[in-house]
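Peer 1: Okay, here's the prediction I keep looking at, along with the sequence it came from:
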Amino acid sequence: MSESLKPPYLQMDETRGDFQVWIVDGIYIRGHMDEEFTNFGQHYRFPYIPEKEFWIDRQAEHDERLFFIEHLLVEYDLMAKGATYADAITQADLVERRERRRSGDVRKVTHQGQVLPEAGAVHERLWKKLENGVSIWIVNGRLVRSVFDIDYTAGGHDHVYEFIPEGEVWIDDAIEEQERGYVLLHELHERNRMATGLPYSQAHAESSRLEFRCRHHPDELHDALAAEGWA
C-alpha cells in the first residue's frame, strides 16, 4: 500500500498474525463498490477485499473493533478450508457473542430477574415520528448486536425483527449522519412494501436497488423519502 492511501482505505489499524486490519470508508464502499457491505468483511465473503486483509468500517459511535476481529479470524479460517459462508458465520458468531458477553453489554439492558431485555433501553434518541404513527429511532447499535441480534446492521423495522416494537424503525448509530438518509429510505421502503404482503426477500432486493440509485443520484433522495411517508 502506498503512502497515499486510496479509497476505501483510511488507516491500517493493527496486524493479527499474517493479517492486516484496515479501517475503511464504508460510505465509499456502499456508494461505489457494494451496497451490501456491512460493518466488516474478509476476502472469502467479499472477493474484492484482498486476501490476508480484514476491513472494518469506520464507526460513528461505539467501538466494536475487537469483537469484529475475533469474528473475522474464525470466519476467514473456516471459509479458507472450504466451509460455506452460512456455516462459517454461525461458528464466528459464537465466538463474537462470547466476547460481547464478557464485555458486560448484556447487563446494561437487562435488570436482575428480568426475562427479556427492554427494547427501549437501546433507544438513543427519537429522530422523527411520521404522520402515519411510525417512530424513527436512532439506537445504540452495539447494544442491539450484543443483546438482541449479533447480525443486526445499519437499520431495521418491526416487520423483520421481532424485538423491534410495533410501529418503530431503528437506525444504527454507527451509521454516520451523511449516510443515514439512504439507510432510512431502504428501511421505510422495505417496511411499506412488506406491509402490502411482499415477502422480505423481494422487499429487501427492491429497497437495495432504490437505495443504490439514490446513492448515485442524491438529488433524488428527498423525493424518494417523501414518497415513503417522510415529510
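Peer 2: Received it, and whenever you're ready, just let me know what you need. Numbering: from 1, shown residues only.

Peer 1: C-alpha from now on. contacts and neighbour counts both.
Peer 2: Noted.

Peer 1: Let me see the contact set for A231.
Peer 2: 130, 225 (C-alpha atoms under 8 Å, 6 or more residues apart in numbering).

Peer 1: I'd like to know how far it sits from G31.
Peer 2: Between A231 and G31 the computed distance is 25 Å (C-alpha to C-alpha, to the nearest Å).

Peer 1: My reading is that Y48 lies in a helix. Confirm?
Peer 2: No. Read with DSSP: H, G, I helix; E, B strand; the rest coil, Y48 is coil and lies in no helix.

Peer 1: What is the neighbour count of it?
Peer 2: Counted with other C-alpha atoms under 10 Å, residues neighbouring Y48 total 11.

Peer 1: go on, P199?
Peer 2: P199 has 12 nearby residues by other C-alpha under 10 Å.

Peer 1: Sketch out the helices for the chain, chain order is fine.
Peer 2: 26-32, 65-80, 85-103, 105-109, 141-143, 177-195, 200-216, 221-227 (DSSP state H).

Peer 1: of those helices, which approaches R125 most closely?
Peer 2: helix 141-143 (12.5 Å; C-alpha to C-alpha).

Peer 1: ok, residues contacting that closest one?
Peer 2: 62, 64, 105-106, 109, 122, 152-153, 172-174.

Peer 1: Output those residues in a markdown table, with pLDDT and distance to G141 appended to each entry.
Peer 2: Listed next are the contacts of helix 141-143 as a markdown table, based on pLDDT from 0 to 100; distance: C-alpha to C-alpha, whole Å:
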| residue | pLDDT | distance to G141 |
| --- | --- | --- |
| H62 | 75 | 8 |
| E64 | 93 | 10 |
| D105 | 85 | 11 |
| V106 | 80 | 13 |
| V109 | 73 | 13 |
| V122 | 92 | 8 |
| Y152 | 94 | 8 |
| T153 | 91 | 8 |
| D172 | 96 | 5 |
| D173 | 94 | 6 |
| A174 | 90 | 6 |
